[in-house]
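Novice: sequence below, structure please.
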Amino acid sequence: MATTSQARGRNGGKSHGILDDVLAMAGSLANSRKDSAAAKFETLAESVRECSIAMPEIPHLSAYAKAAADSLDDLASYVSESDLPTMLTDAREFSRRHPMVTLTGTIAAGVIITQLMQASASPQRGAASRRRSPARAQAKQ
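Specialist: Numbering: from 1, shown residues only. Model (predicted):
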């Protein structure tokens, strides 16, 4: 099995330059997505904060909503101020320190994504069956 330095010696390091270019492009794409995610967290925090203001008759729920909005603001700041390698390192450290929380969060995210995918597929299935219905009705006649 050839080492990286042996492979570079064979092809003059050309593939290493291409890999660096691909990684740089991926990094810039990740940074643009990161800024977009931070903006979405800020928007969500503002919505949650408005919701907490709209329910003064339920003080405990209002306090939880305010705390959640503050946490979302902190998350938005963290995402916008941190670079991708730092966030990945922090995520690895968190998952090592809290494996059950990570597992639970991963399962919850999977369930949510599955539900969203099924919900978006349901209207398409309904439209497809409506398109088939007239053909079936004609076949029965």
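
Novice: which stretches of this structure have low pLDDT?
Specialist: Scanning the chain for pLDDT under 70 picks out 1-16, 123-141.

Novice: outline the domain layout of it.
Specialist: Domain assignment for the chain by automatic domain parsing gives 12-84, 98-128.

Novice: of all the ones you listed, which lies closest to D90?
Specialist: domain 12-84 (7.6 Å; CB to CB). No exception for glycine: its C-beta is placed from N, CA and C like everyone else's.

Novice: specify the local secondary structure of E57.
Specialist: For E57, the assignment made with DSSP: H, G, I helix; E, B strand; the rest coil gives coil.

Novice: and it, how many neighbours?
Specialist: Neighbour count of E57, defined by other CB atoms under 10 Å: 7.

Novice: what's the helix or strand containing S52 packed up against?
Specialist: Assigned by DSSP states H and E, S52 falls within helix 14-54. Using 3 or more CB pairs under 8 Å, 6 or more residues apart in numbering; DSSP states H and E as the contact definition, the elements that helix 14-54 packs against are helix 4-11, helix 59-81, helix 84-97.
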